[in-house]
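> give me the fold of what follows.
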Amino acid sequence: MNIAVIGIGGIGGYIGAYLAKHYTKTNEHTITFIQRGVHGETIANQGLTFIAKQTFITHPHAIYSTPLENNIFDIVFFCVKSKDLESTARDFSNHMHANTVCISLLNGVNNAKRLETVLPHHRILDGCIYVSAAITAPGVVTQKGGSGLIYFGPTNKKIRDIDTQIFSILQQASIKSELSTDITTEVWRKYLFICPFATMTSLYNLPIGVLIRKPELFNQTQSLMQEIVNLATIHKAHLTTNDIDSAIELAFKIPEQTPTSMQLDIYAGKQPELEVFTQYVVSESKTLGIDCPTHSMLLSLLKDVIKKQVYHG
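Numbering: from 1, shown residues only. Below is the predicted model:
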C-alpha cells in the first residue's frame, strides 16, 4: 500500500510517526508525509521527532509539500485544519485511483459528508482519535495526553476487506484502533466531550478541571451536552444521558489545568475553529428546526471574545 498522511500536526504527527517508525523498517507499505513550510522542511532534513512517554525520531519514505505528479496513493489520512479539508481533497484527487480509501480524523462530526461531496466516487471512512498532541517546534510533535485510540469505519456500517486491512496496518504499527460498525455514534460521542468544553473554556478562559468544579459553569456545561445529544439523535447517533455522565466523569479525571485547543488558539490571537464546534451546533440545529438556547447564547458571547482577542490582541 502507498499511504499518505496529509498534515503532520498533532493528529497527523501521531499517526505518521508510528506508521513511519514501523513501516520504514519492514518496507511492507510506503509512508508519505504531506506537509508545507518550515515544519515540513525540517522533517525532510532531520526527520520527525515525536515526543511522548518514549521519544523517537523517524523518517518517512518520502515527504512533500505537494505530491509529485506520478504519486498515486491507496490510503489517504486527512489530518488538516477543518477550513482546508475541501480544498485539500480537491487538490489531492489527482493522486488517487478508483479504489483509494480516504479517512478523516479531524475534529467535528460532518467531515465524512464533506469529503463525500468533493470525492463522490471514492470510499470515505469517518473517524476520530483520542489524543492531545501539537507541533511544539519545527520538526517536533509532542503528545501531551490521550490514549491515541482511533475509531474509524464506514458511515453506512458496511465493512469491506480494505477496511479490515487498514485496521491491520494500524495495529501492526502499534496504533490503537477500533474498526466500528457504528462510527457515527463514536464520532458524536467524542464530540459530546470536546465541543462543550471548547465552548466553555474559550468563553471563560478557564481550564477544564477548574471550570467543571464551579457549580454554575458545571450546569451550563451539562446544558450544552444535552443539546448535543438532542442533535446527535437526529443524525442517528445513539447517545444517552449515560454518555453525558461519562463525559463529565472524564472531565473530573483529567489534569485540572488542561486547556482546549480552541481556547489556546483564541487567547494566542489565532483564528479558532468555531465553525467546527459552537457555530456548527447552532447552525445545524437551526437547519433541523430544533432548539439549542445555551449554545446560541454562548455563541454570541464567544464571538465578542474572539473579536477582542483575535482582531485586537
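
> surely H61 and T26 touch.
No. Look at H61 against T26 with C-beta atoms under 8 Å: they stay out of range, at 11.5 Å. (Each C-beta comes from the backbone N, C-alpha and C, glycine too.)

> looking at those two, which is more packed in?
H61 (15 against 9; other C-beta atoms under 10 Å).

> just give the nearest non-adjacent residue to that one, would you?
Closest residue in space to H61, ignoring its immediate chain neighbours: T30 at 4.8 Å, by C-beta to C-beta, 6 or more residues apart in numbering.

> would you list the phi and psi of that neighbour?
phi -100, psi 130 (degrees, to the nearest 10).

> next one: it from I75, what distance?
Plainly put, T30 is 10 Å away from I75 if you go by C-beta to C-beta, to the nearest Å.

> convert the helix or strand Y23 falls within to CSV, retaining C-alpha atoms only.
In the assignment (DSSP states H and E), Y23 maps to helix 10-26. Provided in CSV are the C-alpha atoms of helix 10-26 (Å, rounded to 0.1, in the frame of the first residue of the first chain):
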residue,chain,number,x,y,z
GLY,A,10,-0.9,16.9,16.3
ILE,A,11,-3.1,14.2,14.8
GLY,A,12,-1.1,13.6,11.6
GLY,A,13,2.1,13.7,13.5
TYR,A,14,0.9,11.0,15.9
ILE,A,15,-0.3,8.7,13.1
GLY,A,16,2.6,9.5,10.8
ALA,A,17,5.3,8.9,13.4
TYR,A,18,4.1,5.4,14.3
LEU,A,19,3.4,4.4,10.7
ALA,A,20,6.8,5.6,9.6
LYS,A,21,8.6,4.1,12.6
HIS,A,22,7.3,0.6,11.8
TYR,A,23,7.0,0.5,8.0
THR,A,24,10.3,2.1,7.1
LYS,A,25,11.8,-0.9,8.8
THR,A,26,9.6,-3.5,7.2
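
> what average pLDDT does it get?
Here helix 10-26 scores 97 as its mean pLDDT.

> which residues touch that helix?
Residues outside helix 10-26 that contact it (C-beta atoms under 8 Å, 6 or more residues apart in numbering) are 3, 5-6, 8, 29-31, 33, 35, 48, 50, 56, 58-61, 77, 79-80, 105-106, 129, 131-135, 141, 143, 148, 150, 169, 172-175.

> the helix or strand just after that helix pairs with which strands?
With elements assigned by DSSP H and E, the helix or strand that comes after helix 10-26 is strand 30-34. Here strand 30-34 is paired, per DSSP bridges, with strand 2-6 (parallel), strand 62-64 (parallel).

> biggest helix in this protein, by residue count?
As assigned by DSSP state H, the longest helix anywhere in the chain is helix 183-204.

> tell me which residues in the following helix or strand past it are buried?
Using DSSP H and E, the helix or strand that follows helix 183-204 towards the C-terminus is helix 208-211. By 16 or more other C-beta atoms under 10 Å, the buried positions in helix 208-211 come out as 208-209, 211.

> tabulate those residues (CSV), appending distance to Q279 and pLDDT.
What follows is the buried residues of helix 208-211, written out as CSV (distance: C-beta to C-beta, whole Å; pLDDT from 0 to 100):
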residue, distance to Q279, pLDDT
I208, 20, 94
G209, 25, 93
L211, 20, 95
